[in-house]
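Participant: this one's structure only:
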């Protein structure tokens with residue numbers, strides 16, 4: 001009995017302990033607990049147990065192994081793949097940039113600058129990395145003086161990685177763009193060509209385009225000499241494209257090419273004479289309501305081009321403002337039938353052939369000449385006149401009879417030796433060679449008209465070269481736009497006998513005398529020799545009686561000439577149309593002032609020369 005109770009009591013105590021342990025197990029999780037018998041059962045301790053020391057070692061060893069592997073790999077790549085990794089790194093942060101160079105300067109013969117390069121800037125963006133908001137576009141437009149639409153159009157029309165927003169920015173505008181601090185808008189450096197004399201020297205000096213490449217005149221003819229070669233350097237840039245530092249001076253990097261700046265060019269042009277020539281030509285073209293005009297002035301000793309002017313002209317600093325009409329260098333590119341300006345060459349051929357002398361008389365009665373159904377006429381019946389008078393009065397009949405008295409090729413050969421149908425050597429781009437054909441020499445009318453300037457096409461520069469030969473006693477010289485050009489001296493060669501050339505030059509003085517065709521060409525203080533010319537132009541396949549070209553070509557002083565001058569006025573529409581009334585006054589005005597500028601002492605002339613021109617008449621030829 002007692003034993004049975006005792007067992008029940010133990011069972012009750014055991015059951016009660018088991019229930020309490022179950023509740024604690026539910027609340028605290030498994031742990032080792034002591035059962036009723038005192039034995040430990042599997043469970044979770046109420047305190048956290050620390051991992052064993054072996055696991056600490058395994059983790060440390062794992063990290064050490066990873067470090068060793070990475071270090072080994074790094075060392076391996078540094079030794080075996082150094083160049084490749086360097087290249088890849090530089091491809092992401094090092095950039096090669098161009099070092100802009102300025103073109104060489106262009107000077108006149110006295111050291112006056114005619115073309116200079118000024119440092120400018122440009123604004124650009126990388127469209128792939130930059131997004132310009134409407135507010136950014138408006139700020140940029142305000143700074144650049146553009147409309148937001150124009151800025152946006154330039155921004156979107158560039159390549160994927162580069163787009164110009166504006167070029168040729170003045171330094172103050174560059175500063176304002178930088179101060180605006182618009183993200184992604186960057187500033188580059190470039191040079192811009194500036195021409196101090198503007199339109200006065202435009203056709204000779206020429207111009208460059210927006211990339212500073214020569215397009216006209218000397219800028220084009222000597223582009224490689226003036227341009228130089230841009231350099232290059234490496235820079236370290238950040239992710240936004242900004243330059244952190246230049247790497248040119250880091251010794252372990254390869255040096256890149258150094259910039260080679262352009263070389264200077266000294267022209268034969270005299271800016272003082274150029275201003276004078278340009279002003280007088282422009283005045284004459286406007287006064288006579290002419291379509292265009294050209295003037296060429298040469299140094300009579302060297303063949304150097306002292307002045308070259310055309311009308312209309314253009315401003316090379318803003319040449320788009322007048323279109324392309326004024327860009328043409330008419331002095332070397334426009335071809336004309338020279339009319340009576342070639343008559344001295346015909347007389348020279350006759351003297352050389354021995355068929356005539358200055359005193360030989362020619363019968364021009366009755367004032368016209370019929371050749372093969374064509375009529376050649378003078379303004380009046382001059383009867384019998386000498387060769388000197390025929391040249392002074394520009395007689396068509398007399399000159400035609402002289403040509404027909406010579407061999408078929410005599411006049412043609414004289415023109416050819418004077419430089420017609422050939423380049424002048426002036427080195428200006430766009431020069432025309434002209435037209436001198438022997439096709440009609442077997443026809444009397446062809447030889448006659450050739451003798452007074454029809455059937456041949458020349459430029460004003462070619463006429464100037466021919467008159468330079470007359471001024472130099474029959475020695476033909478190539479022309480040059482450079483000062484002290486040694487090639488000119490090497491090209492000089494006699495093409496006519498000195499005595500014949502001197503005789504013609506003396507006869508040409510009569511043209512400027514009161515009885516000649518151009519007394520208005522005579523300078524007030526100097527002697528001069530020259531010849532008028534008036535040629536009809538061809539329109540729609542026939543000669544137009546209303547369209548003419550007026551010429552005057554000559555040199556001064558008449559003895560020991562210093563300058564050769566050719567004036568061409570194309571299609572004058574004023575009161576006068578002839579060379580003696582339109583072009584001759586320009587010659588007189590330019591020669592008078594030019595010789596004073598050059599320091600030539602006065603040696604004669606006529607103070608009443610310009611006013612006497614009212615007595616001179618000339619029929620267009």
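Facilitator: Perfect, thanks for sending it. Predicted model, so just to flag it, every value in this text is computed and none were measured. Numbering: from 1, shown residues only.

Participant: in this structure residue 524 contacts residue 595, no?
Facilitator: No: under the criterion of CB atoms under 8 Å, residue 524 is not in contact with residue 595, lying 10.7 Å apart. For the C-beta atoms, the positions are set from N, CA and C on the backbone; glycine is no exception.

Participant: if you count what's nearby, which of these two comes out ahead?
Facilitator: residue 595 (22 against 16; other CB atoms under 10 Å).

Participant: pull out the buried residues from the host helix or strand of that one.
Facilitator: Residue 595 belongs to helix 584-597 when elements are defined using DSSP states H and E. Within helix 584-597, the residues that qualify as buried by neighbour count (16 or more other CB atoms under 10 Å) are 584-595.

Participant: helices of the stretch 1-150 of the chain, start to end?
Facilitator: 2-28, 53-80, 82-93, 134-144, 148-157 (DSSP state H, counting those that start in this stretch).

Participant: got the contact list for the fourth one?
Facilitator: For helix 134-144, the surrounding residues in contact (CB atoms under 8 Å, 6 or more residues apart in numbering) are 123, 132, 146-148, 150-152, 155, 165-166, 169, 173, 176-177, 180, 182-183, 185.

Participant: so how far is that helix from its chain's centroid?
Facilitator: Here helix 134-144 is found 32 Å from its chain centre; the criterion is CA atoms, centre = their mean, to the nearest Å.

Participant: can you map out the helices along the stretch 401-550 of the chain?
Facilitator: 410-418, 444-451, 460-471, 486-491, 498-508.

Participant: between the second one and helix 410-418, how many degrees?
Facilitator: Between the axes of helix 444-451 and helix 410-418, defined by axes from the mean of the first three to the mean of the last three CA atoms, to 10 degrees, the angle is 30 degrees.

Participant: of the helices of the stretch 401-550 of the chain, which is nearest residue 395?
Facilitator: Of all the helices of the stretch 401-550 of the chain, it is helix 444-451 that lies closest to residue 395, at 11.3 Å by CB to CB.

Participant: list the helices and strands that closest one packs on?
Facilitator: Identification of packing neighbours for helix 444-451 by 3 or more CB pairs under 8 Å, 6 or more residues apart in numbering; DSSP states H and E yields strand 368-371, strand 374-377, helix 396-405, helix 410-418.

Participant: for these, which one sits closest to residue 73?
Facilitator: helix 410-418 (84.0 Å).

Participant: what's the distance between the helix or strand hosting residue 283 and the middle of its chain?
Facilitator: Residue 283 is located in helix 271-287, with elements delineated by DSSP H and E. Relative to its chain's centre, helix 271-287 lies at 23 Å (CA atoms, centre = their mean).

Participant: list the residues that contact residue 329.
Facilitator: Residues near residue 329 by CB under 8 Å, 6+ apart: 203-204, 216-217, 308, 310, 428, 430.

Participant: from the residues you listed, which would you call buried?
Facilitator: Counted by 16+ other CB under 10 Å, the contacts of residue 329 give 203-204, 216-217, 308, 310, 428 as buried.

Participant: filter the residues you listed down to just the ones in strands.
Facilitator: 216, 308, 310 (DSSP state E).

Participant: going by distance to residue 192, which of these wins?
Facilitator: Closest to residue 192, out of all of those and judged by CB to CB, is residue 216, at 16.4 Å.

Participant: partner residues bridging that closest one?
Facilitator: Note on residue 216: beta-bridge partners residue 207, judged by DSSP bridges.

Participant: tell me the spacing between it and residue 204.
Facilitator: Relative to residue 204, residue 216 is positioned 9 Å away (CB to CB, to the nearest Å).

Participant: what do you get for residue 442?
Facilitator: Distance from residue 442 to residue 204, by CB to CB: 41 Å.

Participant: what residues does residue 414 make contact with?
Facilitator: So residue 414 contacts 345-346, 348-349, 352, 496 (CB under 8 Å, 6+ apart).

Participant: now the residues you listed in TSV, with neighbour count?
Facilitator: Converted to TSV, the contacts of residue 414 look like this (neighbours: other CB atoms under 10 Å):
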residue	neighbour count
345	25
346	27
348	28
349	28
352	19
496	23
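
Participant: now for these, which pair is the farthest apart?
Facilitator: Greatest spatial distance among the contacts of residue 414 (CB to CB): 346 and 496, at 12.6 Å.

Participant: any stretches of the protein with poor pLDDT?
Facilitator: Residues of the chain meeting the criterion pLDDT under 70: 1-52, 81-95, 235-256, 321-324, 605-621.

Participant: domains in it, as residue ranges please.
Facilitator: Using automatic domain parsing, the domain parsing of the chain gives 97-266, 272-317+326-615.

Participant: what's the span of the shortest one, first residue to last?
Facilitator: Taking CA to CA, to the nearest Å, the first and last residues of domain 97-266 lie 32 Å apart.

Participant: and it, how far from the chain's centre?
Facilitator: 16 Å.

Participant: gap between the residue lying closest to residue 164 once chain neighbours are set aside and residue 485?
Facilitator: Excluding its sequence neighbours, the residue lying closest to residue 164 (CB to CB, 6 or more residues apart in numbering) is residue 124, at 5.4 Å. Counting by CB to CB, the separation of residue 124 from residue 485 is 42 Å.

Participant: repeat for residue 470
Facilitator: Residue 470 sits 21 Å away from residue 485, going by CB to CB.

Participant: now residue 355
Facilitator: 38 Å.

Participant: ok, now residue 601?
Facilitator: As defined by CB to CB, residue 601 lies at a distance of 28 Å from residue 485.

Participant: could you point out which element follows the strand ranked longest in the chain?
Facilitator: Using DSSP E to define each element, the chain has its longest strand at strand 542-556. Per DSSP H and E, the first helix or strand lying C-terminal to strand 542-556 is strand 563-570.

Participant: how about that next one: buried residues?
Facilitator: Counting neighbours by 16+ other CB under 10 Å, strand 563-570 gives 563-570 as buried.

Participant: I'd like the residues you listed laid out as a markdown table, including distance to residue 74.
Facilitator: Below are the buried residues of strand 563-570 laid out as a markdown table (distance: CB to CB, whole Å):
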| residue | distance to residue 74 |
| --- | --- |
| 563 | 81 |
| 564 | 81 |
| 565 | 82 |
| 566 | 81 |
| 567 | 83 |
| 568 | 81 |
| 569 | 84 |
| 570 | 81 |
